[in-house]
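Visitor: Provide a 3D model corresponding to the input given below.
(one chain, ligands or ions: 1)
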Amino acid sequence: MPELPEVETIVRGLAATIVGKCIERAEVRLPKIAVAPLGTQFARALSGERIAGVRRRGKYAIVDLQSGRSLVTSLRMTGRLVVQRTGEADFPGTHVVLWFRGGRRLSFADVRTFGRMRLVEAAEPWDRDLGVEPLSSGFTPQGFLSMLAGRTTPIKALLLDQRRVAGIGNIYACEALWEARIRPSRPARALTKAATGRLHRAIVDVLHRAIDSRGTSVDDYVDAGGLRGGFQNALAVYGRLGRPCLRCGHPIVRTVLGQRGTWWCRRCQR
Ligand SMILES: [Zn+2]
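Guide: Numbers count the residues shown, from 1 in each chain. Modelled structure (predicted):
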């Protein structure tokens, strides 16, 4: 499931290939995937638009258009956003295709069909419920401490709550908690100031390292060029049930917290 580092990698790939291109035609093969404001026809609204920029917010990839509108894509479980050349075969489950002048195309494929491509107006506050960007200057140790204060929610569930910190999913929540030596089920308010500081550093650190490795491909994730990431080879706990903890050698366990599989070390995460 693409999280912040995977979406960031996709966005960087798109920025390098589609900015400045003109959409000749948009093709919608599965209507429920392509959402437009009431009274707007998705495909018609896109035809003739030029790509002004590509950016990320949380786990969303945003393609900004010259008209001021934006195309906001959530990849959810199995979504792919890939630039393809003429003659390259479609990925399975290709639902929306933007054809550019010159033959290249941007394909949105999603075999499980949970993902969405939303056309939003310039002033539409579509991201008002999203929390702070963990790699922005707005994510401070002090702000994080206040975010946790008084909350009985298990710290891992709080990390997954997109209204608090945007972009962290199951993989990086598990990894950051391991790095900070914090038990995932600990109530957020029970973290000391020192532990909160460690977790803040671990979140920033693990996200940066994952971006440097172009994301984690444990499932369907590929970047904008169709290539897999490399961070799956650097994971400390996620998916490592029964394997020795890289810090203390104790076998990694998997428990379920908030209906999500949670990998951690019983010995060195407290
Ligand atoms: Zn350990």
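
Visitor: could you use CA atoms for every contact and neighbour count after this?
Guide: OK.

Visitor: now stretch 45-60: mean pLDDT?
Guide: Stretch 45-60 comes out with an average pLDDT of 97.

Visitor: residues contacting that stretch, please?
Guide: With C-alpha atoms under 8 Å, 6 or more residues apart in numbering as the test, stretch 45-60 has contacts from 2-4, 7-8, 11-12, 14-15, 18-26, 61-67, 72-75, 130, 133, 162, 166-168.

Visitor: please convert the buried members of those into PyMOL selection syntax.
Guide: To isolate the buried members of the contacts of stretch 45-60 in PyMOL, using 16 or more other C-alpha atoms under 10 Å:
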select buried, resi 2+3+4+7+8+11+12+14+15+18+19+21+22+23+24+25+26+61+62+63+64+65+72+73+74+75+130+133+162+166+167+168
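
Visitor: can you get me a residue count around the closest residue to residue 1 other than its chain neighbours?
Guide: Nearest non-adjacent residue to residue 1, counting by C-alpha to C-alpha, 6 or more residues apart in numbering: residue 77, 4.7 Å away. Neighbours of residue 77 under the rule other C-alpha atoms under 10 Å: 18.

Visitor: quick check: residue 77 is in a strand.
Guide: No: going by DSSP: H, G, I helix; E, B strand; the rest coil, the assignment for residue 77 is coil, not a strand.

Visitor: nearest residue to residue 202 in space, please, no chain neighbours.
Guide: residue 176 (5.1 Å).

Visitor: I'd guess the one you found is in a strand, am I close?
Guide: No: looking at residue 176 with three-state DSSP, it is helix, so not inside a strand.

Visitor: ok, now which ones touch the residue nearest to residue 72 when sequence neighbours are not counted?
Guide: Nearest residue to residue 72 in three dimensions, chain neighbours excluded: residue 62, at 4.6 Å (C-alpha to C-alpha, 6+ apart). For residue 62, the contacting residues are 11, 54-56, 70-73, by C-alpha under 8 Å, 6+ apart.

Visitor: count the residues that sit near the closest residue to residue 91 other than its chain neighbours.
Guide: Closest residue to residue 91 apart from its sequence neighbours, by C-alpha to C-alpha, 6+ apart: residue 109 at 6.4 Å. By the criterion of other C-alpha under 10 Å, residue 109 has 23 neighbours.
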